[in-house]
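Undergrad: Task: produce atomic coordinates for the following.
(one chain, ligands or ions: 1)
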Amino acid sequence: MTEAELNPGLNLLLERRSDHKLTAPGPSDAELDLILRAALRVPDFGHLRPYRFLAARGEGLDRLGQAMRRAAIAAGKPADVVARAPRMPHRAPLVIVAISSPKEDKAVPRFDQQLCAGCTVLTLQLAARALGYSGIWRSGWMMYDGNFHRELGLEEQERIVGFLYLGTPVIVEKTPVVSAAEAPLRWL
Ligand SMILES: Cc1cc2nc3c(=O)[nH]c(=O)nc-3n(C[C@H](O)[C@H](O)[C@H](O)COP(=O)(O)O)c2cc1C
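TA: Prediction:
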């Protein structure tokens, strides 16, 4: 047995991968509670909780898709992008939109707060994997689109940091094995 196989925490990190093709089931309410609790433990300078989440499943995926469609039309996107938009959230049974929501704070720079929000996405993904699900962190044009931000009710200072698609992988694939020699590390 390798060191990673003997250590469940390390194994979760070494085996992390993304899956594009996801299907039902997705995390239940009770599992989502655990996943959110994990996200609430990200490093958070000043404990500001500078993030919030929007979650969609079932008809919520339709609503999210329609918001994407309206934003695509408002942005003048090509017809194929508009046509694809309502289907996009349906690529998984659960979609979490992670939003950076920085607070006014003298000590904690906004960038630190945005990094904190980004950490929640990875943590949500890892927690879901620990429960036997998989997922993928996606961005796309909507992430940066003002019309889409208005559709979701984002405040001026808020940014979307990711769309996390969660569900059961259609095909279970092996995670590539990486070597520490690949890490871009230089000792000072
Ligand atoms: C901020 C951010 C945005 C991403 N956006 C996309 C995306 O829109 N589409 C996509 O296929 N992968 C996107 N990725 C990459 C995937 O989440 C994933 O890491 C990649 O497919 C490699 O797979 P792996 O995680 O199994 O190594 C994004 C990653 C990050 C950190």
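Undergrad: Would you tell me which residues of the chain are close to the ligand?
TA: Taking CB under 6 Å from any ligand atom as the criterion, the chain approaches the ligand at residues 17, 18, 136, 137, 138, 139, 140, 162. From N, CA and C alone the C-beta is placed, and that goes for glycine too.
Undergrad: The third one: neighbour count?
TA: So that's residue 136. The number of residues packed near residue 136 is 20, by other CB atoms under 10 Å.
Undergrad: Let's see which of the residues of the chain next to the ligand end up in strands.
TA: The strands, defined by DSSP state E, take in 136, 137, 138, 162 from the residues of the chain next to the ligand.
Undergrad: roughly how far apart are the third one and residue 98?
TA: Right, the one you point to is residue 138. 11 Å (CB to CB, to the nearest Å).
Undergrad: do the same with the first one
TA: Distance check for residue 136 against residue 98: by CB to CB, it reads 13 Å.
Undergrad: okay, and the common contacts of those two?
TA: Common neighbours of residue 136 and residue 98, counting by CB atoms under 8 Å, 6 or more residues apart in numbering, are residue 164.
Undergrad: For the residues of the chain next to the ligand, pick the one with the most neighbours.
TA: That'd be residue 162 among those, by other CB under 10 Å, with 23 neighbours.
Undergrad: The closest residue to that residue other than its chain neighbours sits in which helix or strand?
TA: Leaving aside its sequence neighbours, residue 162 sits nearest to residue 121 (CB to CB, 6 or more residues apart in numbering; 4.2 Å). In the assignment (DSSP states H and E), residue 121 maps to helix 110-130.
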